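Engineer: Okay, here's the prediction I keep looking at, along with the sequence it came from:
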Amino acid sequence: MSGLKAKYYFILPIIFFYLFVTIYPFLYMLYISFFDYNLARGGIQRFVGIMNYLQAFYDPVARGSISFTAFITVTGVIVETLLALILALLVVGIKGESLLRLSFLIPMTIPMAVSGMIWRMLYNTTYGPVNYFLSFFGIKRISWMGDPIYAPIAILIMDIWQWTPFLFLLFYAGLKNIPQVYLEAAMIDGASGWQLTKSIRIPMIKDLLMIGVLLRSIDLLKLFDSIYMITGGGPGTTTYTFSYLIYQVGFITGINLGYASALSVILLLVIILLTTLLIRALKVERLLGGG
Amino acid sequence: MESEKKKNIGNYSSSDERAIFDKFDKKVTRRKALSVAAKVGIAGAIGVIVGVVGGYFAGSAVAPPKTITVTQTQRLTETVTSTVGAATVTVTERVTETRIVTATTPITPTVWKPKLEPAEITVLSSPDCADYLKYAAEEFMKIYPQIRVEVVPLSWEALYPKILSDLQSRTGVYDVFTIDVMTLGSVVEAGAACFDDIMKEHPDIVDPNLDIADFEPMYFGYGSVWAGKVYGFPVYPNHMFLFYRKDYFEDPKIRDQFKAKTGKPLKVPETWEECIEVARFFTRDYNPDSPTEFGIALMFPTTHTMMYNVLNWLGPIRQSPTGLSKYGKLDLYYGDYCTADGKVWFANEDGARAVKLIQDLLPYAPDPFGSDYGETVAQFSAGTTAMCPQWSVPYGDFAKALAGGDLMKAREIIGVEMMPGIIDQGQLVRKPVSGGWALGINNFISDAEKRAAFVFAEFATSKEMDLIHWTKFVMPPARMSNWERPEAREVLSPALFDTYAKSMRSLSYRPRIPQEPEMERIGNPLWQDIIAGRKPLMDGLKELANEWQKLVDQFKHPGR
Amino acid sequence: MAGKTSNVLQGIRYVILLFFSIFFLFPVYWMVITAFKTSDKWFTWPPSFIPWPITLDSFIGAGEVYRTASLREVVPYLVNSLAVSLITSALTVALATLTAYSISRFRTGGMRLLSWILSMRMLPPIAVGVPIYVVFHSLGILNTWMALVLVYTVFTSSFGVWVLVSFFNDIPRELDEAAYIDGCDPFQAFVRIILPISLPGIIAIFVISFAFSWGEFLLALLLTYDKYAQTLPVFIGRYITGFQIAWGPIAASGLVAMLPATILTFLALRYLISGLTLGAVRG
């Protein structure tokens, strides 16, 4: 096997794989999105052009899901990143570090279906511990899953609980991997703890921060699991994320695959846009140039 | 011999039941007096019977001895291990016990047993039927060991699209499935098998005891018949009730308190207006002396529940004398949300009245918008509320939680009454919403599977099993003959039984048109917006009525 | 932090860390105790924080008259989850190592290929779900392990390539060249030299792929429907139907579902920390 040919053989499996599992379905989905294809009404197919896409803009539920998805993405990313960063910075070098970091990492290892179930128990209006703790502050029982103001917050809190650990791991690993020489040199120069953090630690993991932000953004845009487990999109449709909307439209009541496909295409375009940004931020070309 | 199999009697202390079981009790004491040798002899006889049965199962065409069918309803509790001298057959038989009483009048065992080819059938079941269907499957497989029956429970949201897509795509993965009454239209359209056709094509699998006329006609017509043809057999007819804490309602101290506070005697509410008053009394925020924290456990989540629950308030208005004169007779395709000729009627002061009745009740429920079926059952079971509108199945959960599983004690604690309604033109109109399930068959499966599926459907809805799903699983009988049985009334809860019989013909109905699922997708969140006051009342009702009208108009009524 | 820090600041630091520690741990604690509570303690106010009396009913199923779902039913789903996760992780390692090696050493496909591969991880599962459902349906592989493995591997191998490329980049080329001089062709060099050295990275990929497959919910929900192939998360999700809230068995299943992924992740924590720099921290 010559070196030249070998490299192609190596990547052949994955390309073939991706083609089969992604490209072909995408094309099919794109195709369906231009039809009125509804399983519950006998799968009638009728060419409707861009009607499905237009419906996405007229449908108030779709619009609502866009605003909720935007809310959860922006707020989630900001809070999670800041919290993870603060925790990572605080934990490094403290006594009991290994124990503490274990406790910070646990939620990330739990499957989202399980965490969704746990939080659903915690949020139970009548018997849940969350309302119990709140009652110490004189706050009357909150209907976490039934109140349109609190349901989004419930989702937000759960997501923070679940994914801050992941960012924590990322930042913590980055911080631990900073070569000690830099820190020691600065300390010799008399830098204080805060200065060390500001001038060395944070800049050195700047790239990781950027990666974390973008990764979480993309993942939050796709949010589904916790919605399904905790609020079911409710109350009303206040906690419909875009993914959940597609699921409802395409797989549950209605089984309107045409509309669902159009929505999926839209979601994909947005994510592709963000991914391009991510790849640039990752400085992927560095992965090719370095070595 | 077979009828003398030892039974384990439950802890029933009522004299009627004692009398019923004294018969069997005597047989038990008699048994105890037998000597070991006699026991071995009995075991030997059993061994012989098992041997014969075994021989039959090996494929011979010998007519089965009666023992086979008796195992449907009775269970052994003894462990028998012995060696029968002559035939040198070692028999080990250990069967689990059941604590539930079964019918006293011996049910005529069905000797009929059609020839079925080996097949594997999958039964897609809703959660509330699943336990019973699993049990039925086990019993069925004992009779027909060449058939494998697998019961797959799925949540309501997952089940419905799964059936539709399976039927649509003609893949034939599921052979039998539970049909929720109002999905009948879309399921038929998607490809459910027509039972009339099956029975014509395969007359040998029609049970002589089938007796279709025995099925409760209203329920059968609503849940299993579409455009004059039969598409299923009823397995679980049901409607909603008002459960309440009988012990509180009959407690003299509490009754005095109520009298003092309201000037009226405490009675189980018959109208929603009365219910509001009673619920207020039982809510601690409004009455610090209340034994319960909240008056009533309500559920108005934006799920499938919303679609049916609202009818408990809308139904009585629709079917009151005034309502009937305004909106015409009830059409079983369009249901209570529509007039006789398919117009959505509630965007007016009648609909507003129903919504207001709901809204007035909300403050007395723990978490109306965040509670679904499971939450309200938990709330009543934990003693947090004094009342709970629900289906029949939770009775078992209530009995377990509030009476430790002691069914006699439960009768004193859990009261059952008809769902409240309204008073119109001097009449009390109560229309609890109806529901339930039928067993349907996939049309796109092989003949062998279809035959097995049909026999299973017959079996699970047969007179014997119909009674069992009431006594063991709190799924009310679908057959009129079982409603006549005194033991059916006695076994679980006479109150539940009587109330069911009383309300059986006075129900409200959801639309069962194929557009129903889309009506739900739009309606469930909208109803909550309206009830929660997030949308102005009349605007919300008009918007919902408009959206629904568009869908209803797509439906081609078979009768027109 | 090095340097002088006052005791007050240190105290505050500990308080914050402790607070969040409790925040992250409490829900897990709640699930564990609920699994061991008797059913009368599930719905109490105030909630009961100590499971006393302790019972194993939620695990072995109490023999009551009206059956509630018991843990015994979990077993087939457990098996499915294990099988799918293991197969996916193994397949991922195979695919990702091959691809990453090619890209790292030979820059195969350049930016285009690498970007395309990386973007796969970003796919919204639901968008893939609709067409994949139809395609798999016509292929007849719905409700099989293969269906899940095929789809999961797309996501996991993408991430795997990403991690491994930067990992391989850090392995000096001299090693490769030494192998060539010894007469190896690229594939042999790959197997004999590179793979053993990249064991930490490979372990990290394996663990992450395992955790992903183990916990994946949406695609399993769409593509499987019964215990023949359905995985644990969906099984648990089925309890949340608004029909029954038997919290004991739910918590018990959750505990069982959580343990493998959690334990595995913690065992491999070391590798994760060293392997997950993603080439973003430069010395």
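Structural biologist: Received it, and whenever you're ready, just let me know what you need. Residues are numbered from 1 along each chain as shown, chains lettered A, B, ... in the order given.
Engineer: Would you check that C:Leu91 makes contact with C:Val151?
Structural biologist: No: with contact defined as C-beta atoms under 8 Å, C:Leu91 does not count as touching C:Val151 (11.6 Å). Heads up, the C-betas are built off the backbone N, CA and C, glycines and all.
Engineer: which of these two has more neighbours?
Structural biologist: C:Val151 (25 against 19; other C-beta atoms under 10 Å in any protein chain shown).
Engineer: quick one: the more buried one from B:Thr262, how far?
Structural biologist: 62 Å (C-beta to C-beta, to the nearest Å).
Engineer: Nearest the middle, which residue of the chain would you pick?
Structural biologist: By default, I'm working from chain A. In chain A, the centroid-proximal residue (C-alpha atoms, centre = their mean) is A:Asp219; its distance is 2.3 Å.
Engineer: wrong one, I was asking about chain C
Structural biologist: Centroid-nearest residue in chain C, with C-alpha atoms, centre = their mean: C:Ala211, separated by 1.1 Å.
Engineer: Which strand or helix spans that one?
Structural biologist: Assigned by DSSP states H and E, C:Ala211 belongs to helix C:199-215.
Engineer: do the following helix or strand past that helix and chain A meet?
Structural biologist: Going down the chain from helix C:199-215, the next helix or strand is helix C:218-223, by DSSP H and E. Yes: residues of helix C:218-223 contacting chain A under C-beta under 8 Å from any C-beta of the partner chain: C:218, C:221-222.
Engineer: which among these gets closest to chain B?
Structural biologist: Using C-beta to the nearest C-beta, C:Leu221 comes nearest to chain B of the residues of helix C:218-223 next to chain A, at 7.7 Å.
Engineer: quick one: common contacting residues for C:Leu91 and C:Val151?
Structural biologist: When C-beta atoms under 8 Å, 6 or more residues apart in numbering or on different chains defines a contact, no residue borders C:Leu91 and C:Val151 alike.
Engineer: ok, how many other residues are close to C:Ser157?
Structural biologist: 31.
Engineer: which residues touch it?
Structural biologist: Counting by C-beta under 8 Å, 6+ apart, C:Ser157 has contacts A:14, A:17, C:91-92, C:95-96, C:99, C:117, C:120, C:209.
Engineer: Quick one: the residues you listed as JSON lines, columns for distance to A:Tyr247 too.
Structural biologist: Putting the contacts of C:Ser157 into JSON lines (distance: C-beta to C-beta, whole Å) gives the following:
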{"residue": "A:Ile14", "distance to A:Tyr247": "28"}
{"residue": "A:Phe17", "distance to A:Tyr247": "25"}
{"residue": "C:Leu91", "distance to A:Tyr247": "27"}
{"residue": "C:Thr92", "distance to A:Tyr247": "26"}
{"residue": "C:Leu95", "distance to A:Tyr247": "28"}
{"residue": "C:Ala96", "distance to A:Tyr247": "29"}
{"residue": "C:Thr99", "distance to A:Tyr247": "31"}
{"residue": "C:Ile117", "distance to A:Tyr247": "27"}
{"residue": "C:Met120", "distance to A:Tyr247": "21"}
{"residue": "C:Ser209", "distance to A:Tyr247": "24"}
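Engineer: Just to be sure, which of these are found in helices?
Structural biologist: A:14, A:17, C:91-92, C:95-96, C:99, C:117, C:209 (DSSP state H).
Engineer: Next one, pLDDT for the closest residue to C:Glu216 other than its chain neighbours please.
Structural biologist: Leaving out its chain neighbours, the residue that sits closest to C:Glu216 by C-beta to C-beta, 6 or more residues apart in numbering or on different chains is C:Tyr152, at 6.3 Å. Confidence at C:Tyr152, expressed as pLDDT, is 92.
Engineer: any idea how far C:Tyr152 is from B:Leu361?
Structural biologist: 48 Å.
Engineer: So the two - more neighbours on which side?
Structural biologist: Taking other C-beta under 10 Å, C:Tyr152 and B:Leu361 do not tie; C:Tyr152 has more neighbours (26 against 21).
Engineer: mind listing what that one touches?
Structural biologist: Contacts of C:Tyr152 (C-beta under 8 Å, 6+ apart): C:84, C:88, C:209, C:212-213, C:216, C:219.
Engineer: Helix or strand for the residue nearest to the centre of chain A, just tell me which one.
Structural biologist: helix A:206-221.
Engineer: Can you give me the domain assignment for chain B?
Structural biologist: Domain assignment of chain B by automatic domain parsing yields the ranges B:2-93, B:119-237+B:435-473, B:241-432+B:509-553.
Engineer: could you dump these to JSON lines with distance to chain C and mean pLDDT?
Structural biologist: Shown next, in JSON lines, are these (distance: least, C-beta to the nearest C-beta, whole Å; pLDDT from 0 to 100):
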{"stretch": "domain B:2-93", "distance to chain C": "9", "mean pLDDT": "37"}
{"stretch": "domain B:119-237+B:435-473", "distance to chain C": "3", "mean pLDDT": "90"}
{"stretch": "domain B:241-432+B:509-553", "distance to chain C": "3", "mean pLDDT": "94"}
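Engineer: Just put the ones you listed in a markdown table and tack on distance to C:Ser58.
Structural biologist: Putting the domains of chain B into a markdown table (distance: least, C-beta to C-beta, whole Å) gives the following:
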| stretch | distance to C:Ser58 |
| --- | --- |
| domain B:2-93 | 25 |
| domain B:119-237+B:435-473 | 17 |
| domain B:241-432+B:509-553 | 15 |
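Engineer: In a markdown table, list those along with distance to chain A.
Structural biologist: Formatted as a markdown table, the domains of chain B follow (distance: least, C-beta to the nearest C-beta, whole Å):
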| stretch | distance to chain A |
| --- | --- |
| domain B:2-93 | 30 |
| domain B:119-237+B:435-473 | 5 |
| domain B:241-432+B:509-553 | 3 |
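Engineer: now for those domains, which one comes closest to A:Thr22?
Structural biologist: Closest to A:Thr22 of the domains of chain B is domain B:119-237+B:435-473 (C-beta to C-beta; 22.3 Å).
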